[in-house]
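Asker: Provided below for reference: sequence and predicted model.
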Amino acid sequence: MPWQIDLIVLIFVILCAITAISVKDLLSTAILFGAYSFMMCLLWAIMGAVDVAFTEASVGAGVSTVFFVAAVFNTTRRTKD
Amino acid sequence: MKYIGLLIVAVCGGILLSATSDFPDWGYSQSPASTYLSNHYIEKSIEETGVPNLVTSVLADYRSFDTMFETAVIFCAGLVCFLLLRNYNRQKKFFYRHISTGVVLCFKDNCKNLPASKKFEQMDADWIPHDLIIMTVCRILIPFIQIYALYVVAHGDFSPGGGFQGGVIFGSSFILLAISYNLQTAMKKIKEKILGLLSALGVLIYVGIGIICMFLGGNFLDYSQLAKILPVDPIHVRALGMLGVEIGVGIAVMAVMVVIYVNIASEGRHDEGL
């Protein structure tokens, strides 16, 4: 696996993590967490842990994003801080 | 205060980053993690368990006790979501729409919940018009998602996958039904009581297989003892035991995912949401 792909995916992971905690809109935070999980899934797949990548894709990027969105719809959409 | 926090985070992160240079290289064969047990798993797992996928054999056979309690943890998560969020108070207003004319009727409290007939359909308070394209596409897609989930559970011995992933995919097919139609349609397909029973049944299947092995004279979750009651050759009986355990995990995870989603999306009232 060429190191360039590794580097690009790692940069995306860090970008998603930083924007997810700095964005004020909680709905976009939920979506950014989904993107973060998907990038982590790619990292697991690059490292050869296909089972973990599968779990990350289905649980992290799939279902937990839906749970976050459902929780945001029933609470507030904007954070105070 | 914000800058002090930033400073502390930067210092701790710097220490952690400088400590990572002491780690052994990625995939280094002499590192402590890969010198003791993992060689045994890599070399012996196929002849000991008869399962080609090494991860499944470690998760469901060598470390089966761990996985049993992981399933119990997931069951507890669903139970806590139910206990904290479930709300049996009915909502105050009900909205019904006359299908052919589109007139919306609002019923205040003290009125019994009218069953939705062919002329009237119940709708959510903050109702979004149902989109024909979304409903049709999801209706076609959901059976394929469920078949794929069953494939992931059944094929977990040979390829990546297993009970957790398959259960999550099967549960998310019901969540997709609840999102694309509405929550009542999904709750008609799978009742709340059945969901509770299924989430307990999954854990029961797992523990039950372990106890059957004990009654047959082996240790708890020693699948090789199942050869006494199953007409299969002894090499494949461990794979069969693992498959049974994975099915239990899949059922529990599927039910718990739907329970958590329904309780969060409808604030525990199970009538309308998302």
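Answerer: The structure has been received and is ready for your questions.

Asker: my guess is A:Phe38 contacts A:Ser58, does it?
Answerer: No. Under the criterion of CB atoms under 8 Å, A:Phe38 makes no contact with A:Ser58, lying 11.1 Å away. To be clear about C-beta, it is placed using only N, CA and C from the backbone, and glycine gets the same treatment.

Asker: So which of those two has more stuff around it?
Answerer: Using other CB atoms under 10 Å in any protein chain shown as the criterion, A:Phe38 and A:Ser58 rank with A:Ser58 on top: 24 against 20.

Asker: backbone phi and psi for the more buried one, please?
Answerer: phi -80, psi -40 (degrees, to the nearest 10).

Asker: Pull up the gap between it and B:Gly162, please.
Answerer: 11 Å (CB to CB, to the nearest Å).

Asker: isn't B:Gly202 right next to B:Glu246, touching?
Answerer: No. B:Gly202 is beyond contact range of B:Glu246, at 10.3 Å (criterion: CB under 8 Å).

Asker: which of those two has more neighbours?
Answerer: B:Glu246 (29 against 25).

Asker: Which residue comes closest to the more buried one once chain neighbours are left out?
Answerer: B:Gly163 (3.8 Å; CB to CB, 6 or more residues apart in numbering or on different chains).

Asker: Which strands and helices lie in contact with the helix or strand hosting B:Ala77?
Answerer: Using DSSP states H and E, B:Ala77 falls within helix B:64-85. Contacts defined by 3 or more CB pairs under 8 Å, 6 or more residues apart in numbering or on different chains; DSSP states H and E place helix B:64-85 against helix B:192-215, helix B:237-265.

Asker: Shouldn't B:Gly218 be within a helix?
Answerer: No. The assignment for B:Gly218, made by DSSP: H, G, I helix; E, B strand; the rest coil, is coil rather than a helix.

Asker: Spell out which parts of chain B neighbour chain A.
Answerer: Counting by CB under 8 Å from any CB of the partner chain, the positions of chain B adjacent to chain A are B:26, B:53, B:55-56, B:152, B:160-162, B:164-165, B:168-169, B:171-172, B:175, B:179, B:257, B:260-261, B:264-265, B:267, B:273-274.

Asker: Poorly predicted segments of chain A, please.
Answerer: A:1, A:81 (pLDDT under 70).

Asker: near chain B, which residues of chain A?
Answerer: Counting by CB under 8 Å from any CB, chain A sits next to chain B at A:47, A:50-51, A:53-55, A:58-59, A:62-63, A:66-67, A:69-71, A:73-74.
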